[in-house]
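Quick one, what's the 3D model for this:
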Amino acid sequence: MTMLDSVLSFLGLQRLPAGADTTLPGESSQASDARTSEGGRRPTPENQIKTIYRQLSVDFELRATIMDIRQMDRADGRVKRIHNRVARDVTRGGLVLLQNDPDERIRREWETFVRRLQLNRPEKLKSDARGLLMEGNLPMQWVLDAAATVVAGVRMPAETIRPNVGINGRFTDLRAAYTQMDLTAGAELASFPLWQLTMARLDPDNFDDLSAMGRPFLDASREIWRKLRMTDTDLVIRRKHRAPLRLSHVLEGATEPEMQAYQDRVEANKDMITTDFYLNKKGSVTALQGDANLDQIGDVVYLLDSFFAGTPLPKGLMGYTDGLARDILEDLKRDYYDEVDQLQDVLAWVYEFGFRLQLLLRGLNPDAMPFTITFAERRTETMTQTTDRALKLKALGLPQSMVWEVMGYNAAAVEERRTSDAKHYDPYPEPDQTGAPKVKITPGNGRKGESATDVSHAH
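Presented below is the predicted three-dimensional model:
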C-alpha cells in the first residue's frame, strides 16, 4: 500500500480506478475532476428546481429585481446618490499593481493592459462598480484580437446571462459555461467558455452553487422603498389639502338666492387678497386654521431609518444628521469603510483574472511571479489620515515597500522614481540609512485617545 492509499484509507476514501466516470446527473465529464471525492448536490432543493427551468431561459426573478433597482435609481435621488457614492468610493485612486519581487515584464504588461482596457479612466471603473451594485453580478467578457491579446473587458447585462449549470450546481460544459439570451425572441445569442466570461457575484445564496446568481445591494430594501415613496406622496397631498387657512361664513336667516349671491361675490375675488367682508344682516366670518399636526412625521422617519438600515451608507452620511451623535456616526463610517473594502476586493478580482489571462496568452506563468491587483485607496480616508497610518506602520517596523503599498503606490515604481530623481536632480544623494526619517508613536496622546505620531529627520 502506497502513502496515498494510506492517507485515503485514513480519510475513509478509496482510490478510483483510471478512467472511472464520477459525473453526477446533469453534469458532463468536462466539468468534473475524475479524481475528486465530492458527492451529493450543492444547490438547495428549491434552487435545483429553479435550475431545471433556467435551462431554457434566464432567471426572471433576478431580472425583475434588477428592473426594480433601475427604476428606483431613476426615480429617487437618494437611491442614485447611494449607488454613485459607493461606486465612487470603491474606485477612488484607480487600480494599482503590487509585486513582492518587482518584475519589469509584469509591469510593462500591466501598463499596456490598463491602457487597452481603459482601466485608467474613472468612468469605466465607476460603471463596472455601479453595475455590480445594481445588478448584483459583474459578467465581464474578455475580448481577444487576432493576435490573441486581451483588448477589451466588456461588462455584459447580468439579467441576460444564463449559467449553464446542472442540478448538482456545477457547469455542464466549461466550453459553454455561460449563455446570453435574447429575451424578446427567446433565442440564444452567444455562448461563452469559462475563460472568456468572468462572473463576479455579490452575496449569492451559496458561493459553491454556480447556479446561484448574486443579489443587488438594495434588493431587500425594495418593499421599504415603495412604502417610503407612498408615504412621501401622502405627506404632500395632506399638506396641500389640509394646510391652507379656511373661512366659515355664517349668514343667519339668509335665503337661498341671498346665499348664492353672497357666495358668488366672495368667490369672484378669491384670487385677490381679501381683508374685509361686509354683511347687511346678522352673521359672522370665522377663520379655520389648517392642520396643526403636519409636523408629526414619525412614520416617515421610521421608514427612512428602515430604508437606510438596508443600505451600505449610514443615514448620517446622506445628510440626515438630526439627532445623530458624532461618535455614533464615526462607528457607522468604519462599518461603511469595511463594506467598501470588500467591494474593492470583489471588483479587483475580476480585473486580476483578466490580467492573468493576458499573461498566459503572452507565455508568462502568473503563478511564478506573484502579484496582486488592488485599488490604490483601500479606505475612504483623507490624505492626512492615510499618511498617519503609514507612518505608524513604519514605526512598528514594517518594510518600506509595504508602507508604500498602504499609501496606495506601487513600491517598485516609487523606488524607480527615487533612483531616477537622485540621478538627475540631486548631485549629492544621501544614503537611505542616513536620510530616512525617524518615526515615533505616543499611545493615548492623540485625538479621541488614539496614538500621536512624531517624525524627525536625522542631520
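
residue ranges of the strands in the stretch 51-200 of the chain, please?
95-99, 137-144, 150-155, 161-163, 178-182, 187-192, 197-201 (DSSP state E, counting those that start in this stretch).

Could you check how far the helix or strand hosting Thr286 is from the centre of its chain?
In this assignment (DSSP states H and E), Thr286 forms part of strand 283-288. With Cα atoms, centre = their mean, to the nearest Å as the basis, strand 283-288 stands 59 Å off its chain's centre.

other SSEs contacting that strand?
Counting contacts by 3 or more Cβ pairs under 8 Å, 6 or more residues apart in numbering; DSSP states H and E, strand 283-288 packs against strand 246-251. (Glycine included, C-beta is placed from N, CA and C.)

And for the residue nearest to Asp103 when sequence neighbours are not counted, the neighbour number?
Once flanking residues are discounted, Asp103 sits nearest to Met369: 5.0 Å by Cβ to Cβ, 6 or more residues apart in numbering. Number of residues near Met369 (other Cβ atoms under 10 Å) recorded here: 15.

How much space separates Glu104 from Met402?
21 Å (Cβ to Cβ, to the nearest Å).

Compare neighbour counts for the two and give me the winner.
Met402 (15 against 9).

Let me see the contact set for that one.
Neighbouring residues of Met402 by Cβ atoms under 8 Å, 6 or more residues apart in numbering: Leu393, Ala411.

Got phi/psi on it?
As for Met402, its main-chain torsions (degrees, to the nearest 10) stand at phi -70, psi -30.

Alpha carbons only: can I get stretch 166-176 in PDB?
C-alpha atoms of stretch 166-176 as PDB (Å, rounded to 0.1, in the frame of the first residue of the first chain):
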ATOM      1  CA  GLY A 166     -26.700  21.200 -13.800                       C
ATOM      2  CA  ILE A 167     -28.900  20.400 -10.800                       C
ATOM      3  CA  ASN A 168     -25.700  19.500  -8.900                       C
ATOM      4  CA  GLY A 169     -24.500  23.100  -9.000                       C
ATOM      5  CA  ARG A 170     -21.600  22.600 -11.400                       C
ATOM      6  CA  PHE A 171     -21.100  23.600 -15.000                       C
ATOM      7  CA  THR A 172     -22.200  21.100 -17.600                       C
ATOM      8  CA  ASP A 173     -19.500  22.100 -20.100                       C
ATOM      9  CA  LEU A 174     -16.700  24.600 -19.400                       C
ATOM     10  CA  ARG A 175     -16.600  25.300 -23.100                       C
ATOM     11  CA  ALA A 176     -20.100  26.900 -22.900                       C
END
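
Need the pLDDT of Leu95.
pLDDT recorded at Leu95 is 91.

OK, contacts around it?
By Cβ under 8 Å, 6+ apart, the residues touching Leu95 are Val114, Leu119, Leu125, Ala348, Tyr351, Ile373, Thr374, Phe375, Ala376.

and what of Pro312?
Here Pro312 is in contact with Ile82, Val86, Phe217, Tyr336, Glu339, Val340 (Cβ under 8 Å, 6+ apart).

Which strand or helix spans the third one?
Read it as Phe217. Judged by DSSP H and E, Phe217 forms part of no helix or strand.

Report how many residues lie close to it.
Phe217 sits with 23 neighbouring residues when counted by other Cβ under 10 Å.

so who does the nearest residue to it once chain neighbours are set aside touch?
The shortest distance from Phe217 to any non-neighbouring residue, by Cβ to Cβ, 6+ apart, is to Leu133 (4.8 Å). By Cβ under 8 Å, 6+ apart, the contact set of Leu133 is His83, Val86, Ala87, Leu202, Pro216, Phe217, Leu218, Leu343.

do Lys124 as well
Leu117, Gln118 are the contacts of Lys124 under Cβ under 8 Å, 6+ apart.

ok now stretch 211-230, how far from the chain's centre?
14 Å.

what about it, how long is it end to end?
End-to-end distance for stretch 211-230: 35 Å, by Cα to Cα, to the nearest Å.

Stretch 133-141 too?
18 Å.

Just the buried residues of it, please?
Leu133, Met134, Glu135, Gly136, Asn137, Leu138, Pro139, Met140, Gln141 (16 or more other Cβ atoms under 10 Å).

With adjacent residues omitted, what lies nearest to the third one?
Counting by Cβ to Cβ, 6+ apart, Glu135 lies nearest to Ala158, which is 4.0 Å off, once chain neighbours are set aside.

Dump the strands of the stretch 51-200 of the chain into a markdown table; add distance to Thr44 as well.
Output for the strands of the stretch 51-200 of the chain, formatted as a markdown table (distance: least, Cβ to Cβ, whole Å):
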| stretch | distance to Thr44 |
| --- | --- |
| strand 95-99 | 36 |
| strand 137-144 | 19 |
| strand 150-155 | 29 |
| strand 161-163 | 16 |
| strand 178-182 | 22 |
| strand 187-192 | 26 |
| strand 197-201 | 16 |
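
now for the ones you listed, which one comes closest to Leu398?
strand 95-99 (14.1 Å; Cβ to Cβ).

The closest one pairs with which strands, and in what direction?
Strand 95-99 has these partner strands in its sheet, going by DSSP bridges: strand 371-375 (antiparallel).

need the next SSE after the strand it pairs with, C-terminal direction.
Next helix or strand after strand 371-375 toward the C-terminus (DSSP H and E): helix 383-395.

list the helices and strands that next one packs on?
Helix 383-395 packs on helix 400-407, strand 438-442, strand 452-456, going by 3+ Cβ pairs under 8 Å, 6+ apart.

Okay, buried residues for that helix please.
Neighbour-count burial for helix 383-395 [16+ other Cβ under 10 Å]: Thr386, Asp388, Arg389, Ala390, Leu391, Lys392, Leu393, Lys394, Ala395.
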